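Engineer: sharing a model that was predicted from the sequence below.
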Amino acid sequence: SGNNWGYGKENGPSLWHKQYPTAKGSRQSPIDIVPHQLSHDPSLGPIVPNYDQCTSLNISNNGHSVAVEFDDSDDRSVIRGGPLDNPYRLKQFHFHWGGKGCHGSEHTVAGNSYASELHLVHWNAVKYKTYEEAATAPNGLAVLGIFLQTGDDHRWLHTITDALYMVKFKGSVTDFKGFNPKCLLPSSLHYWTYLGSLTTPPLHESVIWIILKEPISVSERQLSKFRMLLSTGEEEDQRIHMENNFRPPQPLKGRRVRSSV
Ligand SMILES: N/C(=N\S(N)(=O)=O)N1CCCC1
Ligand SMILES: [Zn+2]
(Lines give C-alpha, C1' and ligand atoms only; values in the text may rest on other atoms or scores of the structure.)
(Ligands and ions follow the chains in the order given, each with its own letter.)
Protein backbone atom coordinates (compact mmCIF):
# COMPACT_ATOMS: atom_id res chain seq x y z
CA SER A 1 0.00 0.00 0.00
CA GLY A 2 1.02 3.62 -0.41
CA ASN A 3 2.21 4.20 3.10
CA ASN A 4 4.97 1.61 3.57
CA TRP A 5 7.80 4.02 2.91
CA GLY A 6 10.52 4.31 5.52
CA TYR A 7 14.26 4.77 5.98
CA GLY A 8 15.37 1.15 5.65
CA LYS A 9 17.21 -0.63 2.86
CA GLU A 10 13.97 -1.94 1.35
CA ASN A 11 11.84 1.23 1.63
CA GLY A 12 14.29 4.12 2.06
CA PRO A 13 14.73 7.53 0.34
CA SER A 14 16.41 6.12 -2.81
CA LEU A 15 13.25 4.06 -3.53
CA TRP A 16 10.58 6.67 -2.71
CA HIS A 17 10.42 7.87 -6.35
CA LYS A 18 8.70 4.61 -7.37
CA GLN A 19 5.57 5.46 -5.36
CA TYR A 20 6.13 9.27 -5.27
CA PRO A 21 7.49 10.53 -8.62
CA THR A 22 7.76 14.05 -7.12
CA ALA A 23 10.90 12.68 -5.44
CA LYS A 24 12.74 13.57 -8.68
CA GLY A 25 11.13 17.03 -8.94
CA SER A 26 12.81 20.41 -9.44
CA ARG A 27 12.46 21.78 -5.88
CA GLN A 28 13.11 18.85 -3.53
CA SER A 29 14.36 19.07 0.06
CA PRO A 30 16.60 18.85 1.99
CA ILE A 31 19.64 20.47 0.33
CA ASP A 32 23.27 21.13 1.16
CA ILE A 33 23.63 24.82 2.05
CA VAL A 34 26.96 26.26 0.85
CA PRO A 35 27.33 29.59 2.73
CA HIS A 36 29.91 31.30 0.50
CA GLN A 37 27.79 30.62 -2.63
CA LEU A 38 24.80 32.47 -1.16
CA SER A 39 23.29 35.74 -2.23
CA HIS A 40 22.80 37.99 0.79
CA ASP A 41 19.43 39.69 0.27
CA PRO A 42 19.13 43.02 2.16
CA SER A 43 15.37 43.06 1.39
CA LEU A 44 14.96 39.97 3.61
CA GLY A 45 13.59 41.17 6.94
CA PRO A 46 13.74 39.30 10.24
CA ILE A 47 11.44 36.34 10.87
CA VAL A 48 9.03 36.84 13.77
CA PRO A 49 7.79 33.65 15.48
CA ASN A 50 4.91 34.36 17.85
CA TYR A 51 4.07 31.11 19.65
CA ASP A 52 1.21 31.42 22.12
CA GLN A 53 1.56 29.22 25.22
CA CYS A 54 -1.72 27.33 25.20
CA THR A 55 -1.95 25.85 21.73
CA SER A 56 0.00 22.57 22.01
CA LEU A 57 -2.35 19.56 22.09
CA ASN A 58 -0.58 16.20 22.00
CA ILE A 59 2.62 14.32 21.21
CA SER A 60 2.52 11.29 18.92
CA ASN A 61 4.65 8.60 17.27
CA ASN A 62 3.67 8.27 13.59
CA GLY A 63 6.22 5.55 12.87
CA HIS A 64 8.56 7.96 11.07
CA SER A 65 9.12 10.61 13.76
CA VAL A 66 7.70 12.01 16.98
CA ALA A 67 5.47 15.07 16.53
CA VAL A 68 3.86 17.67 18.81
CA GLU A 69 0.54 18.84 17.28
CA PHE A 70 -0.95 22.31 17.79
CA ASP A 71 -4.46 23.75 17.69
CA ASP A 72 -4.34 25.64 14.38
CA SER A 73 -7.95 26.89 14.44
CA ASP A 74 -6.83 30.53 14.81
CA ASP A 75 -3.75 32.76 14.62
CA ARG A 76 -2.48 32.34 18.20
CA SER A 77 0.72 30.57 17.13
CA VAL A 78 2.13 31.96 13.89
CA ILE A 79 5.36 32.89 12.18
CA ARG A 80 5.56 36.04 10.03
CA GLY A 81 8.11 38.25 8.27
CA GLY A 82 11.29 37.21 6.46
CA PRO A 83 10.37 35.69 3.07
CA LEU A 84 6.71 35.23 4.11
CA ASP A 85 3.98 37.47 2.68
CA ASN A 86 1.34 36.29 5.18
CA PRO A 87 1.38 34.89 8.74
CA TYR A 88 1.72 31.08 8.67
CA ARG A 89 0.02 29.06 11.41
CA LEU A 90 1.96 26.48 13.47
CA LYS A 91 0.56 23.00 12.82
CA GLN A 92 3.15 20.68 14.37
CA PHE A 93 6.83 20.20 15.05
CA HIS A 94 8.90 17.02 14.82
CA PHE A 95 12.50 15.84 14.72
CA HIS A 96 14.93 13.90 12.51
CA TRP A 97 17.98 12.23 14.09
CA GLY A 98 20.80 9.71 13.51
CA GLY A 99 22.03 6.53 15.14
CA LYS A 100 24.41 6.47 18.14
CA GLY A 101 27.07 9.16 17.69
CA CYS A 102 26.43 9.56 13.97
CA HIS A 103 24.72 12.42 12.20
CA GLY A 104 20.99 12.87 11.66
CA SER A 105 20.13 16.30 10.27
CA GLU A 106 18.46 16.57 6.85
CA HIS A 107 19.91 19.85 5.64
CA THR A 108 23.73 20.03 5.67
CA VAL A 109 25.99 23.09 5.76
CA ALA A 110 29.01 22.95 3.43
CA GLY A 111 28.66 19.16 3.49
CA ASN A 112 28.56 18.95 7.28
CA SER A 113 25.54 17.47 9.05
CA TYR A 114 24.34 17.99 12.61
CA ALA A 115 23.20 15.36 15.11
CA SER A 116 19.54 16.20 14.59
CA GLU A 117 17.12 18.69 13.02
CA LEU A 118 13.87 20.13 14.40
CA HIS A 119 11.12 21.14 11.94
CA LEU A 120 8.31 23.52 12.89
CA VAL A 121 5.64 23.12 10.20
CA HIS A 122 3.37 26.10 9.46
CA TRP A 123 0.66 26.73 6.83
CA ASN A 124 -0.76 29.80 5.09
CA ALA A 125 -4.26 30.11 6.55
CA VAL A 126 -4.83 33.45 4.80
CA LYS A 127 -4.71 31.91 1.31
CA TYR A 128 -5.92 28.36 2.10
CA LYS A 129 -8.80 26.93 4.16
CA THR A 130 -7.04 23.84 5.51
CA TYR A 131 -3.51 22.54 6.16
CA GLU A 132 -4.17 19.73 3.65
CA GLU A 133 -4.99 22.26 0.90
CA ALA A 134 -1.96 24.40 1.75
CA ALA A 135 0.33 21.33 1.80
CA THR A 136 -0.32 20.71 -1.90
CA ALA A 137 -0.04 24.39 -2.98
CA PRO A 138 3.20 26.10 -4.03
CA ASN A 139 4.51 27.92 -0.93
CA GLY A 140 1.44 26.89 1.09
CA LEU A 141 3.76 25.74 3.90
CA ALA A 142 6.65 27.35 5.77
CA VAL A 143 8.97 25.07 7.74
CA LEU A 144 11.38 26.54 10.28
CA GLY A 145 14.41 24.24 10.54
CA ILE A 146 16.67 24.27 13.61
CA PHE A 147 19.89 22.25 13.88
CA LEU A 148 20.64 20.31 17.08
CA GLN A 149 24.30 19.74 18.01
CA THR A 150 25.46 17.55 20.90
CA GLY A 151 26.81 19.39 23.92
CA ASP A 152 25.27 20.38 27.26
CA ASP A 153 21.77 19.32 28.30
CA HIS A 154 19.09 21.54 26.74
CA ARG A 155 17.24 23.07 29.69
CA TRP A 156 13.76 22.69 28.13
CA LEU A 157 14.11 19.64 25.85
CA HIS A 158 13.55 17.34 28.87
CA THR A 159 9.85 18.23 28.77
CA ILE A 160 9.76 16.47 25.41
CA THR A 161 12.23 13.64 26.11
CA ASP A 162 10.43 12.81 29.41
CA ALA A 163 7.22 12.24 27.40
CA LEU A 164 8.80 9.93 24.81
CA TYR A 165 8.31 6.75 26.87
CA MET A 166 4.55 7.41 26.61
CA VAL A 167 4.71 7.24 22.78
CA LYS A 168 7.21 4.39 22.37
CA PHE A 169 5.16 2.52 19.78
CA LYS A 170 4.02 3.61 16.30
CA GLY A 171 0.48 4.97 16.49
CA SER A 172 0.66 6.05 20.14
CA VAL A 173 -0.42 9.55 21.20
CA THR A 174 -0.67 11.30 24.57
CA ASP A 175 -1.71 14.71 25.88
CA PHE A 176 0.95 17.41 25.67
CA LYS A 177 -0.57 20.75 26.69
CA GLY A 178 0.98 24.12 27.45
CA PHE A 179 4.29 23.58 25.66
CA ASN A 180 5.72 26.73 24.07
CA PRO A 181 8.17 25.90 21.26
CA LYS A 182 9.74 29.35 21.66
CA CYS A 183 11.96 27.68 24.29
CA LEU A 184 13.55 25.58 21.53
CA LEU A 185 14.74 28.57 19.45
CA PRO A 186 18.43 29.61 19.49
CA SER A 187 19.36 33.16 20.52
CA SER A 188 19.97 34.33 16.93
CA LEU A 189 17.19 34.14 14.31
CA HIS A 190 19.53 34.72 11.37
CA TYR A 191 18.50 32.30 8.62
CA TRP A 192 18.90 30.90 5.14
CA THR A 193 15.78 30.53 2.98
CA TYR A 194 14.92 28.70 -0.25
CA LEU A 195 11.94 27.11 -2.00
CA GLY A 196 11.65 23.35 -1.47
CA SER A 197 9.47 20.43 -0.49
CA LEU A 198 8.35 18.14 2.30
CA THR A 199 11.29 15.82 3.08
CA THR A 200 9.04 12.79 3.51
CA PRO A 201 6.44 11.32 1.18
CA PRO A 202 4.27 12.71 -0.35
CA LEU A 203 7.23 15.14 -0.91
CA HIS A 204 4.88 17.97 -2.00
CA GLU A 205 6.84 20.94 -3.48
CA SER A 206 4.95 23.39 -1.27
CA VAL A 207 7.50 24.54 1.33
CA ILE A 208 9.23 27.85 1.94
CA TRP A 209 12.21 26.65 4.01
CA ILE A 210 13.65 28.92 6.70
CA ILE A 211 16.77 27.34 8.27
CA LEU A 212 18.28 29.01 11.34
CA LYS A 213 22.07 29.39 11.15
CA GLU A 214 22.65 28.97 14.90
CA PRO A 215 22.19 25.40 16.22
CA ILE A 216 20.82 24.62 19.68
CA SER A 217 22.79 22.28 21.98
CA VAL A 218 21.31 19.10 23.41
CA SER A 219 23.10 16.33 25.30
CA GLU A 220 23.87 12.87 23.92
CA ARG A 221 21.72 11.53 26.78
CA GLN A 222 18.72 13.60 25.65
CA LEU A 223 19.23 12.53 22.01
CA SER A 224 19.52 8.86 22.98
CA LYS A 225 15.95 9.00 24.31
CA PHE A 226 14.69 9.64 20.76
CA ARG A 227 16.39 6.42 19.63
CA MET A 228 14.35 4.47 22.20
CA LEU A 229 11.24 5.18 20.10
CA LEU A 230 10.05 2.34 17.90
CA SER A 231 8.90 2.62 14.29
CA THR A 232 6.87 -0.56 14.83
CA GLY A 233 3.49 -0.92 16.51
CA GLU A 234 2.76 -2.43 19.95
CA GLU A 235 1.16 -5.52 18.36
CA GLU A 236 4.15 -6.22 16.04
CA ASP A 237 6.67 -8.75 17.33
CA GLN A 238 9.56 -7.20 15.40
CA ARG A 239 10.83 -4.16 17.33
CA ILE A 240 12.64 -1.64 15.09
CA HIS A 241 14.17 1.40 16.80
CA MET A 242 13.47 4.76 15.18
CA GLU A 243 16.79 6.27 14.09
CA ASN A 244 18.47 7.69 10.97
CA ASN A 245 15.03 9.03 9.92
CA PHE A 246 16.57 11.65 7.62
CA ARG A 247 16.49 12.12 3.83
CA PRO A 248 19.89 12.99 2.29
CA PRO A 249 20.44 16.32 0.44
CA GLN A 250 18.75 16.59 -2.98
CA PRO A 251 19.91 18.34 -6.20
CA LEU A 252 19.70 22.15 -6.04
CA LYS A 253 18.64 22.35 -9.75
CA GLY A 254 19.55 26.01 -10.07
CA ARG A 255 17.66 27.24 -7.00
CA ARG A 256 18.92 30.33 -5.18
CA VAL A 257 19.47 30.13 -1.43
CA ARG A 258 19.14 33.55 0.20
CA SER A 259 20.66 34.65 3.47
CA SER A 260 19.25 37.11 5.98
CA VAL A 261 21.83 39.46 7.51
N1 LIG B 1 7.46 15.84 5.78
C2 LIG B 1 6.90 16.66 6.66
N3 LIG B 1 7.54 17.67 7.19
S4 LIG B 1 9.06 18.06 6.83
N5 LIG B 1 10.05 16.88 7.26
O6 LIG B 1 9.20 18.24 5.40
O7 LIG B 1 9.34 19.25 7.61
N8 LIG B 1 5.59 16.46 7.05
C9 LIG B 1 4.74 15.38 6.57
C10 LIG B 1 3.40 15.60 7.24
C11 LIG B 1 3.54 16.74 8.19
C12 LIG B 1 4.90 17.33 7.99
ZN1 LIG C 1 10.87 17.14 9.01
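Structural biologist: Perfect, thanks for sending it. Ligands and ions are numbered 1, 2, ... in the order given.

Engineer: residues contacting residue 206?
Structural biologist: Contact analysis of residue 206 by Cβ atoms under 8 Å, 6 or more residues apart in numbering lists 134-141, 197-198. Yep, even glycine has a C-beta here, placed from its N, CA and C like the rest.

Engineer: equivalent analysis for residue 152, please.
Structural biologist: 217, 219.

Engineer: hang on, it in a helix?
Structural biologist: No - the assignment for residue 152, made by DSSP: H, G, I helix; E, B strand; the rest coil, is coil rather than a helix.

Engineer: which positions in the stretch 151-261 of the chain make contact with ligand 1?
Structural biologist: Residues of the stretch 151-261 of the chain lying close to ligand 1 (Cβ under 6 Å from any ligand atom) are 198-200.

Engineer: for ligand 1, state which of the contacts of residue 206 is nearest.
Structural biologist: Of all the contacts of residue 206, ligand 1 sits closest to residue 198, with 3.7 Å by Cβ to the nearest ligand atom.

Engineer: ok, the closest residue to residue 61 other than its chain neighbours - how many residues close by?
Structural biologist: Leaving out its chain neighbours, the residue that sits closest to residue 61 by Cβ to Cβ, 6 or more residues apart in numbering is residue 167, at 4.1 Å. Number of residues near residue 167 (other Cβ atoms under 10 Å) recorded here: 21.

Engineer: could I get the buried residue list for stretch 170-187?
Structural biologist: 170, 172, 176, 179, 181, 184-185 (16 or more other Cβ atoms under 10 Å).

Engineer: stretch 203-219 too?
Structural biologist: Buried, per 16+ other Cβ under 10 Å, within stretch 203-219: 203-213, 215-216, 218-219.

Engineer: what of stretch 47-56?
Structural biologist: Here stretch 47-56 shows 47, 49, 51-52, 55-56 as buried, counting by 16+ other Cβ under 10 Å.

Engineer: ChimeraX command for the buried members of the residues of the stretch 151-261 of the chain next to ligand 1?
Structural biologist: This is the ChimeraX syntax for the buried subset of those, where burial follows 16+ other Cβ under 10 Å:
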select :198,199,200
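
Engineer: save the residues of the stretch 151-261 of the chain next to ligand 1 as TSV, and put in secondary structure and pLDDT too.
Structural biologist: Below are these laid out as TSV (DSSP: H, G, I helix; E, B strand; the rest coil; pLDDT from 0 to 100):
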residue	secondary structure	pLDDT
198	coil	99
199	coil	99
200	coil	98
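
Engineer: okay, and the residue most central in space within the chain sits in which element?
Structural biologist: With distances taken as Cα atoms, centre = their mean, residue 119 lies nearest the centre of the chain, 2.2 Å away. Assigned by DSSP states H and E, residue 119 belongs to strand 116-123.

Engineer: tell me what that strand is packed against?
Structural biologist: strand 77-81, strand 88-97, helix 131-135, strand 141-150 (3 or more Cβ pairs under 8 Å, 6 or more residues apart in numbering; DSSP states H and E).

Engineer: out of the ones you listed, deepest packed?
Structural biologist: Highest mean neighbour count of these: strand 88-97, a mean of 25 (counted as mean count of other Cβ atoms under 10 Å).
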